[in-house]
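Chemist: sequence below, structure please.
(chains A and B)
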Amino acid sequence: MNKNDWILIIIIIFISFSLLLFFKLTNQESNQALVYNDNKLILTIDLTKDDKYQVMGLNGEVDIEVKNNQIRVTSETSNYHLCSKQGYISKSWETIVCLPNKIIIRVTSLDQNYDVILR
Amino acid sequence: MELRKTITLAMLLALGVVLNIMESMIPIMGNIIPGSKLGLANIVVIFVIYFYGLRDGLLFSFTRVFIVGLLRTGLFNIVFLFSLSGGLLSVVCMFIAHKFTKLSIVGVSIIGAITHSIGQIIAAVFLFQTINIIYYLPYLLLLSLPTGFIIGVISEQVINQYQKIKIN
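Modeler: Below you'll find the predicted structure:
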């Protein structure tokens, strides 16, 4: 360890917190979520209505629940259950990625200009 | 001399693969933050970069990811592409950090840890075609600091001990 290492550590901490602040400031509430299976849009969900949905993933059914403008995965078939452990999301930067099932849930931003999709 | 190098690299490769498998058996990191890992195999990668350079480092990293894919996670699926993208980017960046900056081995290891995360995020952005994945970047960067530090301290010991043996 020398002085340069500490400078590097401080720079990384600074960048991380700047990014966190940026995401916090630009995160928007939304009323719509999109569900993708293998990069194809399969379902558009209205977040204002509390409801339960079921989509087919690669390993089987993926159960999705909407409650109080928030969305989460309640059950799915995978080794680690990362996406059902993740819990509710509701802001425009947040995504639930269910790798083994190839399912992605994105909350769309109300301001559509901000909603960047790479093509 | 060439044979000696090939055999050494082959043994290091076996060590890297075993460390990776061993790591998956002790789920300490995965329990704290799901999906994260310490990166024990990076000790071997740093060793190869320090003693054999960029070309062998890249080849080593590619072969290691390939063998681990063959044995455990499967070839050419998403996890494989994530590991490959993170692994190759971190080798290039660690080599640059080692050659052109005054960072110690600990600093180089931290560079390796953060660029491994960045490489995976880049792969995810292209595979999932959404920029939103970078939301996870600050968390991954902060997590890379302790893991990179621990791996760096171990690598420093390994490289120092190895140099002592070489002199004797």
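Chemist: does A:Leu41 count as helix, strand or coil?
Modeler: Using DSSP: H, G, I helix; E, B strand; the rest coil, the three-state assignment for A:Leu41 comes out as strand.
Chemist: so how far is A:Lys3 from B:Ser117?
Modeler: Plainly put, B:Ser117 is 24 Å away from A:Lys3 if you go by Cβ to Cβ, to the nearest Å. Yep, even glycine has a C-beta here, placed from its N, CA and C like the rest.
Chemist: between these two, who's got more neighbours?
Modeler: A count of neighbours by other Cβ atoms under 10 Å in any protein chain shown puts B:Ser117 above the other of B:Ser117 and A:Lys3, at 23 against 10.
Chemist: element containing that one?
Modeler: Here B:Ser117 sits within helix B:105-128, counting by DSSP states H and E.
Chemist: hmm, that helix touching chain A?
Modeler: Yes: Helix B:105-128 comes into contact with chain A (Cβ under 8 Å from any Cβ of the partner chain), by way of B:Val106, B:Gly107, B:Ile110, B:Ile111, B:Ile114, B:Ala124, B:Val125, B:Phe126, B:Phe128.
Chemist: and which of these is nearest chain A?
Modeler: The closest of those to chain A turns out to be B:Gly107 (Cβ to the nearest Cβ; 3.8 Å).
Chemist: so that closest one sits against A:Lys3, correct?
Modeler: No: in terms of Cβ atoms under 8 Å, B:Gly107 does not count as a neighbour of A:Lys3; the distance is 10.0 Å.
Chemist: how about the residues of chain A by chain B?
Modeler: A:1-2, A:4-5, A:8-9, A:12-13, A:15-17, A:19-20, A:23, A:36, A:39, A:80, A:82, A:85, A:93-95, A:97, A:99, A:102, A:104, A:106, A:116-119.
Chemist: neighbours of B:Gln157, how many?
Modeler: By the criterion of other Cβ under 10 Å, B:Gln157 has 12 neighbours.
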